[in-house]
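Trainee: next input, structure requested:
(2 chains)
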There are 2 protein chains.
Amino acid sequence: MRDMLGREDVITVEQAKELIFKTFSPKLPPEAKLEIEESYGRILSRDILSTEDLPNFARSTVDGFAVDSSDTFGATEGFPAYLNVVYEILMGEEPDFELRKGEVAKIATGGMLPGGADAVVMLEHTQTINDKMIEGLKPVAPGENVIQAGEDARKGELILKRGHKLRPQDIGALAGLGITEVYVYERPRVSIISTGDEIVPADKPIKSGQVRDINSFNLTGLIYEAGGISVKKGIFNDKYEIIRNVVEESLKDSDMVIVTGGSSVGTKDMTARVINDLGEPGILFHGVSIKPGKPMIGGIVNGTPVFGIPGHPAAVTVCFEQFMEPVLKHLTGLVENRFANKKRTVMARITKNLASSPGREDHIRVALEGRDGDLWARPILGKSGLITTLVKADGTVVIPLRKLGIEEGEMVEVKLF
Amino acid sequence: MRDMLGREDVITVEQAKELIFKTFSPKLPPEAKLEIEESYGRILSRDILSTEDLPNFARSTVDGFAVDSSDTFGATEGFPAYLNVVYEILMGEEPDFELRKGEVAKIATGGMLPGGADAVVMLEHTQTINDKMIEGLKPVAPGENVIQAGEDARKGELILKRGHKLRPQDIGALAGLGITEVYVYERPRVSIISTGDEIVPADKPIKSGQVRDINSFNLTGLIYEAGGISVKKGIFNDKYEIIRNVVEESLKDSDMVIVTGGSSVGTKDMTARVINDLGEPGILFHGVSIKPGKPMIGGIVNGTPVFGIPGHPAAVTVCFEQFMEPVLKHLTGLVENRFANKKRTVMARITKNLASSPGREDHIRVALEGRDGDLWARPILGKSGLITTLVKADGTVVIPLRKLGIEEGEMVEVKLF
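Mentor: Model (predicted):
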């Protein structure tokens, strides 16, 4: 799509995302069966139902005496209930007796209630008369200070859903149910192809005119945080055949492909050509109204998303967050909590006026500062080719498409790194 | 410390934290030298200074023509500057020529500026006349569309501080500087000792009256997320000699010790006795005005923090977050960003009235809900002995010490899991 002047059309971020998610139906990765110890942070590939009642017996939540609650009705400090202590319940043991009227059994937190008991009187609400008798100073209601059998989970109840990311307490719940292995999705693989005749590996000496590969290191961390595995394909010359070969190879062994660099006019067109030549539907968009990141390319090659992003470090971070992260999260099988994004944002006041062109979504890097108890966001200005602006920043602020800028003191949402 | 009725004094959460951090001077873990590929999320044990200027040459940020900016002064579409294209700069190459007055060199994004050039005219602001000549349609200022040598980082500049947790962009910056190995702190080791005669391992069959070990699985995840390594010591009987032996052994090979369970009166006192008997200063507090988690014990044994926490799953999560997480973060060497805590909180309205006793800090588990675009926090009620309340919750809300409750619709801060 070219306009009258032969320039590529540029679409908005929203339009670009819509195009991707309309065209793209993620193939979920294969399952893996893991010990729960190994599954922290992994995504469940199957629903998990409770295999039993949890707990499988009624248990005390306090230290005290298991009673028939009706034996305590009306008890006060002035007119206590006199109760016969006839048993002591041992932890981890099933009581082999039944309480009769007026009888109680000593019980500790977590102990199993005996037959005939429906509540526990707290130690603090009793007075010891002797080894065999106590005074109950307060009444208890049926079920008081007791966790009923199945109160935590009922047999057959849905505990965790497919697509859920396992948190520490989830693994705890699985252990509590005796579920020690789970099915999770394998992590999707993302190939990173670095292009540019001026790029050299980080561990090699450089000459004037050359720069070291920054982006594959930044991307590897971003991919990992989004639940994927990065596969660094290496640094390649800006030649059609070379790029085509490595993209083709990457499509075979990965779930997503990112080509970085090639931000110069000729190379951009070449990356787009490779994407179009390798499969259907090819390029979805070529240029997005976002700064930094405008020359971005998005495509799908026979079901696999392929992105071409400019080599500027700030553009890499912004484009990843806007496009590749949501696509990658789909590929992990994650069904994200609707509020998950809230976890990474804070509100702050901007420390200075910022101008923005209409028709462009501006992503500004900011550092947070405290001033008199308020949170302020200080823009880290600098060209998008600088990596240290990202190092100094705590997050980014977006100036939306139709907004001309932000005024000093205005409240903004900061998306934190 | 016992009051007139022989009850243990209970202190506030703030007082308890103060006591710990006053008494405790964390020994930092030993250093490890890692490849940067292996150091995502690790804590730097040394400051990192830039070893060179980044970039080490002036480079173009656009596709266009390297010029002496004074050759373009006054240029307009009507009165363009006529410029002689005498060279093309190759990517990754140091130009072996110098521009003379009126001469320009074709340059791509990332290309090295030649001698005699101090700016770049964007391709879009030129008109091609022939192979040898272009029209410059707009003036450029000195330095325009150029990243100067050292503009990203100057040789000797502090790039990252000791105690910083390495993010993707930080690793990118290190790669850009050619720093491919870093010194980080080893992860501190936290021993988990589970006690309780009723507790059985998660993978073993259980009888009535027994429950499976939930807490060591929950704690392992929480410890990992806080930057530590968990060492599960196993499940032990509530006997003084047994607990003393395993705590003593744990003190030798770990940086922090957590004893869970033993929430019954006798066992609580026993854990406290073990802590006091094994070294100085011993117990710092025994009972905190927090719900859940009141029977918590905190101590330091010859420099190593030791905590005794009740076995209720909700108490484990709340106590960990309040006490063990901040102590553990100190042990990792992390110098936390002052705003780091903001990353995990959102504001929401509470969906129902909640009562709370004065003199007690109440930690309520909540699930988030959207209603007409507003965020609401719905309390997940249930006893602290239940694990599934934690599974259903997105985070916790605190009702402070002196507050009697929260009214429906009131705005609260939710600390997200």
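
Trainee: which helices and strands does the helix or strand of chain A with the lowest mean pLDDT pack with?
Mentor: Within chain A, judged by mean pLDDT, DSSP states H and E, the helix or strand with the poorest mean is helix A:265-278; its value is a mean of 85. Counting contacts by 3 or more CB pairs under 8 Å, 6 or more residues apart in numbering or on different chains; DSSP states H and E, helix A:265-278 is packed against helix A:240-253, strand A:281-286, strand A:297-301, strand A:304-309. In short, each C-beta sits where N, CA and C put it, glycine included.

Trainee: and the following helix or strand past the last one, how far from the chain's centre?
Mentor: Read in the C-terminal direction, the helix or strand following strand A:304-309 is helix A:313-319, with elements assigned using DSSP states H and E. The chain centroid and the centroid of helix A:313-319 are separated by 20 Å under CA atoms, centre = their mean, to the nearest Å.

Trainee: show me where chain A has helices.
Mentor: Remark: helices assigned in chain A by DSSP state H are A:13-23, A:168-176, A:215-225, A:240-253, A:265-278, A:313-319, A:325-332, A:388-392.

Trainee: sorry, back to before: next, format the helices and strands packed on helix A:265-278 as a markdown table and append mean pLDDT and mean neighbour count.
Mentor: Shown next, in a markdown table, are those (pLDDT from 0 to 100; neighbours: other CB atoms under 10 Å in any protein chain shown):
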| stretch | mean pLDDT | mean neighbour count |
| --- | --- | --- |
| helix A:240-253 | 96 | 16 |
| strand A:281-286 | 95 | 20 |
| strand A:297-301 | 96 | 24 |
| strand A:304-309 | 96 | 26 |
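
Trainee: how about those in a markdown table, adding distance to residue B:149?
Mentor: Formatted as a markdown table, those follow (distance: least, CB to CB, whole Å):
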| stretch | distance to residue B:149 |
| --- | --- |
| helix A:240-253 | 30 |
| strand A:281-286 | 33 |
| strand A:297-301 | 30 |
| strand A:304-309 | 25 |
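
Trainee: of the ones you listed, which is nearest chain B?
Mentor: Closest approach to chain B among those (CB to the nearest CB): strand A:304-309, 13.0 Å.

Trainee: wait, does that closest one make contact with chain B?
Mentor: No: shown here: strand A:304-309 not in contact with chain B (CB under 8 Å from any CB of the partner chain), separated by at least 13.0 Å.

Trainee: and that strand, what does it pack onto?
Mentor: If you count contacts as 3+ CB pairs under 8 Å, 6+ apart, strand A:304-309 packs onto helix A:240-253, strand A:256-260, helix A:265-278, strand A:297-301, helix A:313-319.

Trainee: and the contacts of the last one?
Mentor: I take that to be helix A:313-319. Here helix A:313-319 makes contact (CB atoms under 8 Å, 6 or more residues apart in numbering or on different chains) with A:214-215, A:218-219, A:222, A:260, A:290, A:292-293, A:296, A:307, A:309-310, A:363, A:365, A:384-387, A:389-390, A:396, B:168-169, B:172, B:176.

Trainee: list only buried entries from those residues.
Mentor: A:214-215, A:218-219, A:222, A:260, A:290, A:292-293, A:296, A:307, A:309-310, A:363, A:365, A:384-387, A:389-390, A:396, B:168-169, B:172, B:176 (16 or more other CB atoms under 10 Å in any protein chain shown).

Trainee: what's the pLDDT at residue A:24?
Mentor: Looking at residue A:24, its pLDDT stands at 89.

Trainee: contacting residues for the closest residue in space to it that isn't next to it in sequence?
Mentor: The shortest distance from residue A:24 to any non-neighbouring residue, by CB to CB, 6 or more residues apart in numbering or on different chains, is to residue A:300 (5.6 Å). With contact set as CB under 8 Å, 6+ apart, residue A:300 has these partners: A:20, A:23, A:24, A:280, A:281, A:282, A:284, A:306.
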